[in-house]
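Participant: predicted structure and sequence below. I'll ask about it afterward.
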Amino acid sequence: MNAQPFLTAIANALREVGLEAILVGNAAAALQGAPVTTLDFDFMFRKTPTNLRKLKKLARRLNGTILKPFYPVSDLYRIAVEDTGLQLDFLSAMHGISSFTSLRSHAQKVAFGGAPMWIASLEDVVASKKKLGRPRDRAVLDILEKTLNEKRKAKNKKAQA
């Protein structure tokens, strides 16, 4: 499956509503070169009244519905788009990540269909998955760490050349 059309639609919608969010999790890891798959897109965002309004606009823009699947114990907001099966999860806090600002300082801005989207660094994805420690996170850690080590070696090799 090619995620490019979804990523383009999401990036354009984020830009249109003015919501700053950073793609995290396996989707971010895959875009950083890790051979992993996922069926959803996870984002970190700042939970403010303004951003919650923007999140509602984003759901409308994508023809989706906002759900709070773990209410009231979680700050997870899920946008589900029934027609396409698209699922976007927005988190205001993540294990292993000290702040949104810290995450963004390591993130990379990538354009999809001309619209920018922040992508978390592979280092931050690994740190978060280690801290979470769920079985599904531990299951991909070896491959993520291998990819991270390969990227570091390639960067060091390039710097030495």
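Facilitator: Cool, the structure landed.
Participant: buried ones in stretch 96-114?
Facilitator: 97, 100, 103, 104, 107, 110, 112 (16 or more other C-beta atoms under 10 Å). Yep, even glycine has a C-beta here, placed from its N, CA and C like the rest.
Participant: just for this structure, where's the confidence low?
Facilitator: 1, 71-73 (pLDDT under 70).
Participant: ok, 90 please
Facilitator: Residue ranges of the chain with pLDDT under 90: 1-4, 37-39, 68-75, 85, 94-96, 132-138, 152, 154-161.
Participant: which residue would you name as the spatial centre of it?
Facilitator: residue 23 (2.0 Å; C-alpha atoms, centre = their mean).
Participant: what lies in contact with the helix or strand hosting it?
Facilitator: Applying DSSP states H and E as the criterion places residue 23 in strand 21-24. For strand 21-24, the external contacting residues (C-beta atoms under 8 Å, 6 or more residues apart in numbering) are 14, 28, 31, 41-45, 90-91, 94, 100, 103-104, 107, 117-120, 124-125, 128.
Participant: before we move on, what about stretch 89-104?
Facilitator: With C-beta under 8 Å, 6+ apart as the criterion, stretch 89-104 contacts 21-22, 24, 40-47, 55, 75-79, 118, 120, 124, 127-132.
Participant: what's the longest helix in this protein?
Facilitator: Secondary structure assigned by DSSP state H gives helix 135-160 as the longest helix of the chain.
Participant: dump stretch 95-106 to PDB, restricted to CA.
Facilitator: This file holds the C-alpha atoms of stretch 95-106, laid out as PDB (Å, rounded to 0.1, in the frame of the first residue of the first chain):
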ATOM      1  CA  HIS A  95       6.500   8.500  27.000                       C
ATOM      2  CA  GLY A  96      10.200   9.200  26.600                       C
ATOM      3  CA  ILE A  97       9.600  12.700  25.100                       C
ATOM      4  CA  SER A  98      10.100  15.600  27.400                       C
ATOM      5  CA  SER A  99       8.100  18.200  25.400                       C
ATOM      6  CA  PHE A 100       6.600  19.100  22.100                       C
ATOM      7  CA  THR A 101       9.400  21.600  21.700                       C
ATOM      8  CA  SER A 102      12.100  19.000  22.300                       C
ATOM      9  CA  LEU A 103      10.500  16.700  19.800                       C
ATOM     10  CA  ARG A 104      10.200  19.400  17.200                       C
ATOM     11  CA  SER A 105      13.900  20.400  17.700                       C
ATOM     12  CA  HIS A 106      14.900  17.000  16.400                       C
END
